[in-house]
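In: Structure, please.
(2 chains)
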Amino acid sequence: DTEVTQTPKHLVMGMTNKKSLKCEQHMGHRAMYWYKQKAKKPPELMFVYSYEKLSINESVPSRFSPECPNSSLLNLHLHALQPEDSALYLCASSQGWTGGNEQFFGPGTRLTVL
Amino acid sequence: KQEVTQIPAALSVPEGENLVLNCSFTDSAIYNLQWFRQDPGKGLTSLLLIQSSQREQTSGRLNASLDKSSGRSTLYIAASQPGDSATYLCAVRPRQAGTALIFGKGTTLSVSS
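Out: Just a heads-up that it's a prediction; the model follows:
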(Lines give C-alpha, C1' and ligand atoms only; values in the text may rest on other atoms or scores of the structure.)
Protein backbone atom coordinates (compact mmCIF):
# COMPACT_ATOMS: atom_id res chain seq x y z
CA ASP A 1 0.00 0.00 0.00
CA THR A 2 1.71 3.19 -1.20
CA GLU A 3 -1.13 5.51 -0.39
CA VAL A 4 -1.24 8.79 1.45
CA THR A 5 -4.78 9.92 2.23
CA GLN A 6 -5.93 13.46 2.94
CA THR A 7 -9.20 14.82 4.25
CA PRO A 8 -11.15 16.84 3.43
CA LYS A 9 -10.76 17.06 -0.35
CA HIS A 10 -12.18 20.57 -0.41
CA LEU A 11 -12.51 23.17 2.35
CA VAL A 12 -14.03 26.63 2.29
CA MET A 13 -13.52 28.76 5.37
CA GLY A 14 -13.89 32.33 6.53
CA MET A 15 -11.02 34.34 7.92
CA THR A 16 -12.25 33.89 11.50
CA ASN A 17 -12.77 30.14 11.31
CA LYS A 18 -10.65 27.37 12.81
CA LYS A 19 -10.30 24.21 10.77
CA SER A 20 -7.93 21.26 10.44
CA LEU A 21 -6.51 19.26 7.57
CA LYS A 22 -5.72 15.61 8.14
CA CYS A 23 -3.16 13.32 6.50
CA GLU A 24 -2.65 9.61 7.07
CA GLN A 25 -0.24 6.95 5.81
CA HIS A 26 0.15 3.29 6.70
CA MET A 27 3.44 2.58 4.95
CA GLY A 28 5.48 2.72 8.15
CA HIS A 29 7.13 5.94 7.00
CA ARG A 30 8.80 8.02 9.69
CA ALA A 31 8.93 11.34 7.83
CA MET A 32 5.88 13.37 6.88
CA TYR A 33 5.62 16.70 5.09
CA TRP A 34 3.22 19.55 4.38
CA TYR A 35 3.54 21.43 1.08
CA LYS A 36 1.57 24.39 -0.25
CA GLN A 37 0.90 24.74 -3.96
CA LYS A 38 -0.53 27.84 -5.61
CA ALA A 39 -2.07 27.63 -9.07
CA LYS A 40 0.44 26.94 -11.84
CA LYS A 41 3.35 26.94 -9.35
CA PRO A 42 5.42 24.06 -7.99
CA PRO A 43 4.84 22.81 -4.44
CA GLU A 44 6.59 24.72 -1.66
CA LEU A 45 7.68 22.99 1.53
CA MET A 46 6.02 24.16 4.75
CA PHE A 47 6.90 21.63 7.47
CA VAL A 48 8.82 18.38 7.92
CA TYR A 49 8.21 15.92 10.75
CA SER A 50 10.73 13.19 11.45
CA TYR A 51 9.90 10.54 14.05
CA GLU A 52 6.96 12.70 15.13
CA LYS A 53 9.17 15.68 15.88
CA LEU A 54 9.19 18.91 13.89
CA SER A 55 12.42 19.03 11.90
CA ILE A 56 11.79 21.91 9.54
CA ASN A 57 9.51 24.94 9.62
CA GLU A 58 10.05 26.99 6.50
CA SER A 59 9.18 30.31 8.18
CA VAL A 60 5.49 29.55 7.93
CA PRO A 61 3.13 32.06 9.63
CA SER A 62 1.81 30.97 13.02
CA ARG A 63 -1.75 30.83 11.68
CA PHE A 64 -0.65 27.42 10.34
CA SER A 65 0.01 24.98 13.19
CA PRO A 66 1.18 21.44 12.43
CA GLU A 67 0.71 18.47 14.70
CA CYS A 68 1.95 14.89 14.48
CA PRO A 69 0.05 12.85 17.06
CA ASN A 70 1.57 9.53 15.96
CA SER A 71 3.75 8.09 13.23
CA SER A 72 0.83 7.58 10.82
CA LEU A 73 -1.01 10.85 11.25
CA LEU A 74 -0.22 14.46 10.42
CA ASN A 75 -2.57 17.38 11.00
CA LEU A 76 -2.45 21.01 9.93
CA HIS A 77 -4.51 23.34 12.13
CA LEU A 78 -5.69 26.54 10.47
CA HIS A 79 -6.74 29.72 12.25
CA ALA A 80 -7.33 33.29 11.12
CA LEU A 81 -6.24 32.60 7.55
CA GLN A 82 -6.05 35.19 4.81
CA PRO A 83 -7.51 34.94 1.28
CA GLU A 84 -3.95 34.59 -0.08
CA ASP A 85 -3.66 31.32 1.85
CA SER A 86 -6.07 29.75 -0.64
CA ALA A 87 -4.13 26.93 -2.29
CA LEU A 88 -3.79 23.18 -2.69
CA TYR A 89 -2.25 21.71 0.47
CA LEU A 90 -0.32 18.52 -0.14
CA CYS A 91 0.85 15.98 2.39
CA ALA A 92 3.72 13.60 1.66
CA SER A 93 5.64 10.88 3.44
CA SER A 94 8.91 8.99 3.05
CA GLN A 95 10.73 6.23 4.90
CA GLY A 96 13.10 8.68 6.45
CA TRP A 97 13.91 12.38 6.44
CA THR A 98 17.61 12.08 5.66
CA GLY A 99 19.07 10.48 2.57
CA GLY A 100 17.54 9.60 -0.75
CA ASN A 101 14.10 8.35 0.18
CA GLU A 102 11.25 8.49 -2.29
CA GLN A 103 8.44 10.82 -1.32
CA PHE A 104 4.82 9.79 -1.82
CA PHE A 105 2.15 12.46 -2.05
CA GLY A 106 -1.51 12.51 -1.15
CA PRO A 107 -4.29 13.90 -3.37
CA GLY A 108 -4.31 17.24 -1.57
CA THR A 109 -6.89 19.47 0.09
CA ARG A 110 -8.16 22.39 -1.98
CA LEU A 111 -8.53 25.27 0.49
CA THR A 112 -10.48 28.43 -0.26
CA VAL A 113 -10.39 31.29 2.26
CA LEU A 114 -13.18 33.83 1.87
CA LYS B 1 21.28 27.70 -3.79
CA GLN B 2 19.88 24.81 -5.82
CA GLU B 3 17.68 25.77 -8.74
CA VAL B 4 15.70 23.41 -10.97
CA THR B 5 14.60 24.38 -14.48
CA GLN B 6 12.27 22.52 -16.80
CA ILE B 7 12.10 23.07 -20.53
CA PRO B 8 9.76 23.41 -22.33
CA ALA B 9 7.07 24.93 -20.11
CA ALA B 10 4.38 23.48 -22.36
CA LEU B 11 4.30 20.89 -25.12
CA SER B 12 1.58 19.74 -27.53
CA VAL B 13 2.01 16.55 -29.56
CA PRO B 14 -0.19 14.22 -31.58
CA GLU B 15 -0.94 10.78 -30.20
CA GLY B 16 1.73 8.18 -30.85
CA GLU B 17 4.68 10.54 -30.85
CA ASN B 18 7.77 9.87 -28.74
CA LEU B 19 8.80 12.86 -26.66
CA VAL B 20 11.45 14.12 -24.25
CA LEU B 21 11.01 16.41 -21.27
CA ASN B 22 14.08 18.15 -19.89
CA CYS B 23 15.11 19.03 -16.37
CA SER B 24 18.30 20.78 -15.30
CA PHE B 25 19.68 21.59 -11.86
CA THR B 26 22.49 23.85 -10.74
CA ASP B 27 24.15 21.86 -7.94
CA SER B 28 25.22 18.25 -8.52
CA ALA B 29 25.30 17.46 -4.79
CA ILE B 30 22.03 15.57 -4.71
CA TYR B 31 20.74 12.34 -3.22
CA ASN B 32 18.29 11.69 -6.02
CA LEU B 33 15.95 13.11 -8.62
CA GLN B 34 12.26 12.30 -8.78
CA TRP B 35 9.82 12.73 -11.69
CA PHE B 36 6.17 13.35 -10.83
CA ARG B 37 2.93 13.62 -12.76
CA GLN B 38 0.19 16.02 -11.67
CA ASP B 39 -3.29 16.14 -13.15
CA PRO B 40 -5.18 19.46 -12.80
CA GLY B 41 -6.20 20.11 -9.20
CA LYS B 42 -4.82 16.75 -8.04
CA GLY B 43 -1.89 15.51 -6.01
CA LEU B 44 1.49 14.36 -7.29
CA THR B 45 2.05 10.82 -8.55
CA SER B 46 5.62 9.60 -8.34
CA LEU B 47 6.70 8.23 -11.72
CA LEU B 48 10.39 7.47 -11.35
CA LEU B 49 13.09 7.94 -8.74
CA ILE B 50 16.74 7.98 -9.82
CA GLN B 51 19.37 7.77 -7.11
CA SER B 52 22.52 9.85 -7.66
CA SER B 53 24.55 6.69 -8.35
CA GLN B 54 22.17 5.57 -11.11
CA ARG B 55 22.10 6.60 -14.76
CA GLU B 56 18.53 5.70 -15.67
CA GLN B 57 15.26 4.13 -14.56
CA THR B 58 12.47 2.65 -16.62
CA SER B 59 8.79 2.05 -15.95
CA GLY B 60 6.60 0.92 -18.81
CA ARG B 61 6.68 3.58 -21.55
CA LEU B 62 8.69 5.94 -19.36
CA ASN B 63 12.45 6.17 -19.19
CA ALA B 64 14.32 8.71 -17.11
CA SER B 65 18.02 9.41 -17.33
CA LEU B 66 20.32 11.29 -15.00
CA ASP B 67 23.64 12.95 -15.77
CA LYS B 68 24.58 14.32 -12.39
CA SER B 69 27.88 15.88 -13.48
CA SER B 70 26.17 18.04 -16.09
CA GLY B 71 23.10 18.66 -13.94
CA ARG B 72 20.60 17.21 -16.40
CA SER B 73 17.78 14.70 -16.45
CA THR B 74 15.41 13.72 -19.23
CA LEU B 75 12.07 11.95 -19.14
CA TYR B 76 11.36 10.00 -22.31
CA ILE B 77 7.76 9.04 -23.02
CA ALA B 78 7.28 6.49 -25.78
CA ALA B 79 4.18 6.26 -27.95
CA SER B 80 2.33 9.08 -26.20
CA GLN B 81 -1.40 8.74 -25.47
CA PRO B 82 -4.09 11.32 -24.63
CA GLY B 83 -4.09 9.92 -21.10
CA ASP B 84 -0.51 11.14 -20.71
CA SER B 85 -1.77 14.74 -20.77
CA ALA B 86 -0.74 16.28 -17.44
CA THR B 87 1.93 18.45 -15.86
CA TYR B 88 5.25 16.70 -15.28
CA LEU B 89 7.44 17.95 -12.44
CA CYS B 90 10.99 17.03 -11.65
CA ALA B 91 12.44 17.50 -8.18
CA VAL B 92 15.89 17.02 -6.69
CA ARG B 93 16.75 16.13 -3.11
CA PRO B 94 19.88 18.14 -2.24
CA ARG B 95 22.53 16.68 0.04
CA GLN B 96 22.57 19.92 1.99
CA ALA B 97 21.29 19.31 5.50
CA GLY B 98 17.92 20.77 6.36
CA THR B 99 16.56 20.80 2.83
CA ALA B 100 13.78 18.84 1.18
CA LEU B 101 12.69 18.44 -2.44
CA ILE B 102 13.41 21.34 -4.79
CA PHE B 103 10.91 21.38 -7.65
CA GLY B 104 11.04 22.70 -11.17
CA LYS B 105 8.05 24.64 -12.48
CA GLY B 106 6.91 21.72 -14.59
CA THR B 107 6.15 20.93 -18.22
CA THR B 108 2.46 20.82 -19.19
CA LEU B 109 1.95 18.13 -21.80
CA SER B 110 -1.07 17.90 -24.08
CA VAL B 111 -1.46 14.83 -26.29
CA SER B 112 -4.16 15.09 -28.94
CA SER B 113 -5.97 12.12 -30.49
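In: For chain B, see how far away the residue positioned nearest the centre of chain A is.
Out: Taking Cα atoms, centre = their mean as the criterion, residue A:34 is the residue nearest the geometric centre of chain A, at 2.9 Å. Distance of residue A:34 to chain B, computed by Cβ to the nearest Cβ, to the nearest Å: 11 Å. Any C-beta I mention is one placed from the backbone N, CA and C, and that applies to glycine too.
In: Let me know the pLDDT of that residue.
Out: Per-residue confidence (pLDDT) for residue A:34: 97.
In: what's the helix or strand hosting it in contact with?
Out: Under the criterion of DSSP states H and E, residue A:34 resides in strand A:31-37. By Cβ atoms under 8 Å, 6 or more residues apart in numbering or on different chains, the residues outside strand A:31-37 that reach it are A:23, A:25, A:43-50, A:55, A:66, A:68, A:74, A:76, A:87-97, A:101, A:103, A:105, A:108, B:100.
In: Residue 80: what's its closest spatial neighbour, skipping adjacent residues?
Out: Going with chain A. Closest residue in space to residue A:80, ignoring its immediate chain neighbours: residue A:63 at 5.0 Å, by Cβ to Cβ, 6 or more residues apart in numbering or on different chains.
In: nope, chain B
Out: Counting by Cβ to Cβ, 6+ apart, the residue nearest residue B:80 is residue B:111, at 4.7 Å.
In: What about the one you found, how many residues nearby?
Out: By other Cβ atoms under 10 Å in any protein chain shown, the residues close to residue B:111 number 20.
In: cool, and residue A:84?
Out: Residues within reach of residue A:84, counting by other Cβ under 10 Å, total 8.
In: quick one: contacts for it?
Out: Residue A:84 sits next to residue A:113 when contact means Cβ under 8 Å, 6+ apart.
In: quick one: low-confidence ranges for chain A?
Out: A:1-2 (pLDDT under 70).
In: Can you show me the strands along it?
Out: A:4-7, A:10-13, A:18-25, A:31-37, A:44-50, A:53-57, A:64-70, A:73-79, A:87-94, A:104-105, A:109-113 (DSSP state E).
In: cool, chain B as well?
Out: Counting by DSSP E, the strands of chain B are B:4-7, B:10-14, B:19-25, B:30-38, B:44-51, B:56-59, B:62-67, B:72-77, B:86-94, B:102-103, B:107-112.
In: Please identify the residues of chain A in proximity to chain B?
Out: Applying Cβ under 8 Å from any Cβ of the partner chain, we find that chain A lies next to chain B at A:4, A:6, A:33, A:41-43, A:45, A:48, A:56, A:88, A:90, A:92, A:99-100, A:102-108, A:110.
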